[in-house]
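Visitor: A predicted structure for the sequence below; I have some questions about it.
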Amino acid sequence: MMETKRDFLKKLSLLTVGGLMAGGVAPVVASVKSSTAAAKKKSIGLQIYSLGKELTENVPAGMKKIADIGYTTLELAGYNNRKMGQYDMEPYRKIVEEAGLKITSAHVNPPERKYTKDNTGKIADWWKQTVEDHVKLGVGRLIQPGMPSIETQDDAKLVGEVFNSAGEIAKAAGLKWGYHNHNMEFKRIPKPGETPPSGPYASFMPFGDVIYDLMLANTDPNLVFFEMDVYWTVMGANDPLEYLDKYPSRIQVLHIKDRSVLGQSGMMNFENIFKKAYEIGINEFYVELEKVKTNMTQFEGVKGCFDYLNNASFVK
Ligand code: MG
């Protein structure tokens, strides 16, 4: 509804400008047409993990190829030892910008998977260092994609505290801190005092709390946002639309992903996903591609994903 109104107003202002400048009907039509053509360039982001070695073996050439395909923004992966592969942060940023791309987000994982009262200080120190490095890249978002160990409600509480603390560290430097899911976050753990069901169908019986829901409940909306990977949500036997509806302000970014090249499996309803995302104000998303199963290269797969979204009428 809002978009329709905005589009209408945009057209109206173009008509007015065109009308004033040309003073006739025919030139107005022409100006609306050319603006439609110019607006055809969509802003589509790429999670660079999708390319693996094909990118890291020659970063400058790879970045140019990504830009040539048509992507405009990047979400990084591969930060390690305070570097991006062989590059320090500033030179890496320079390569990306020289290719005409912009780094808007980055995936990073802290060195610990099991959080304890004893290692939260070490984890916070790591986040301070990581935030400092990523400020140099000019990213807006820093995102943890790896799930910490959560087997009990106490684990979930501690993870919430560690996430909030990371969010606070990032916020102090002007970055937003978020969490990216796979399918394991949709497993359930018992509520306090609850005995989990047993027997052959135990894993299909709803009980306790969904870990993802606990992550949402145990984190501060002012410090922690969520990047929903819609494919992994489906793999976790859940409906992305249900979560987008339930947490419209917490989920701020999407990973647009399919089993292989976007739109080729029968698993993902991207039209509904985009419709809902725009409805709740999400405009930022990153294409992600696992290893392609055919004999195409990752670059060819990543191009296939771009073409799918660029040709899709439901993607703005
Ligand atoms: Mg993902």
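Guide: Structure received.
Visitor: contact residues of the stretch 101-250 of the chain facing the ion?
Guide: Contacts of the stretch 101-250 of the chain with the ion, taken as C-beta under 5 Å from the ion, map to Asp229. In this view, the C-beta of every residue, glycine as well, is placed from N, C-alpha and C.
Visitor: the stretch 101-250 of the chain: strands as residue ranges?
Guide: 102-107, 141-144, 176-180, 188-189, 209-210, 224-229 (DSSP state E, counting those that start in this stretch).
Visitor: dump those strands into JSON lines; add mean pLDDT, mean neighbour count and distance to Ser313 as well.
Guide: Formatted as JSON lines, the strands of the stretch 101-250 of the chain follow (pLDDT from 0 to 100; neighbours: other C-beta atoms under 10 Å; distance: least, C-beta to C-beta, whole Å):
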{"stretch": "strand 102-107", "mean pLDDT": "98", "mean neighbour count": "22", "distance to Ser313": "25"}
{"stretch": "strand 141-144", "mean pLDDT": "98", "mean neighbour count": "24", "distance to Ser313": "28"}
{"stretch": "strand 176-180", "mean pLDDT": "98", "mean neighbour count": "24", "distance to Ser313": "28"}
{"stretch": "strand 188-189", "mean pLDDT": "93", "mean neighbour count": "18", "distance to Ser313": "38"}
{"stretch": "strand 209-210", "mean pLDDT": "96", "mean neighbour count": "16", "distance to Ser313": "34"}
{"stretch": "strand 224-229", "mean pLDDT": "98", "mean neighbour count": "24", "distance to Ser313": "23"}
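Visitor: of all the ones you listed, which lies closest to Thr120?
Guide: Across these, Thr120 has its closest neighbour in strand 141-144 (14.3 Å, C-beta to C-beta).
Visitor: how far out from the middle of the chain is the closest one?
Guide: In terms of C-alpha atoms, centre = their mean, to the nearest Å, the centre of strand 141-144 is set 9 Å apart from its chain centre.
Visitor: just checking, what packs against it?
Guide: The contact analysis (3 or more C-beta pairs under 8 Å, 6 or more residues apart in numbering; DSSP states H and E) places strand 141-144 against strand 102-107, helix 120-135, helix 153-172, strand 176-180, strand 224-229.
Visitor: which other helices and strands does the longest one contact?
Guide: The elements that helix 153-172 packs onto, with contact taken as 3+ C-beta pairs under 8 Å, 6+ apart, are helix 120-135, strand 141-144, strand 176-180, strand 188-189, helix 211-217, strand 224-229.
Visitor: Glu284 and Asn181: what is the separation?
Guide: Using C-beta to C-beta, to the nearest Å, Glu284 is found at 16 Å from Asn181.
Visitor: which one's more surrounded, the two?
Guide: Ranked by neighbour count (other C-beta atoms under 10 Å), Glu284 and Asn181 place Asn181 first, with 25 against 17.
Visitor: what helix or strand is Phe274 located in?
Guide: helix 270-279 (DSSP states H and E).
Visitor: immediately after that helix, which helix or strand?
Guide: Following helix 270-279 in sequence order, the next helix or strand is strand 284-288 (DSSP H and E).
Visitor: which residues touch that next one?
Guide: Taking contacts as C-beta atoms under 8 Å, 6 or more residues apart in numbering, the residues outside strand 284-288 that touch it are 44-47, 49-50, 71, 73, 75, 104-105, 229, 231, 252-257, 262, 277, 302, 305-306, 309.
Visitor: could I get the helices and strands packed on strand 141-144 as JSON lines with distance to Gly62?
Guide: As requested, the helices and strands packed on strand 141-144 are arranged in JSON lines below (distance: least, C-beta to C-beta, whole Å):
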{"stretch": "strand 102-107", "distance to Gly62": "14"}
{"stretch": "helix 120-135", "distance to Gly62": "20"}
{"stretch": "helix 153-172", "distance to Gly62": "28"}
{"stretch": "strand 176-180", "distance to Gly62": "22"}
{"stretch": "strand 224-229", "distance to Gly62": "23"}
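Visitor: can you redo the strands of the stretch 101-250 of the chain as a markdown table with distance to Ala170?
Guide: Below are these laid out as a markdown table (distance: least, C-beta to C-beta, whole Å):
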| stretch | distance to Ala170 |
| --- | --- |
| strand 102-107 | 11 |
| strand 141-144 | 5 |
| strand 176-180 | 4 |
| strand 188-189 | 27 |
| strand 209-210 | 25 |
| strand 224-229 | 9 |
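Visitor: my read: Met205 touches Thr195, true?
Guide: No - checked against C-beta atoms under 8 Å, the pair Met205 and Thr195 is beyond contact range at 11.9 Å.
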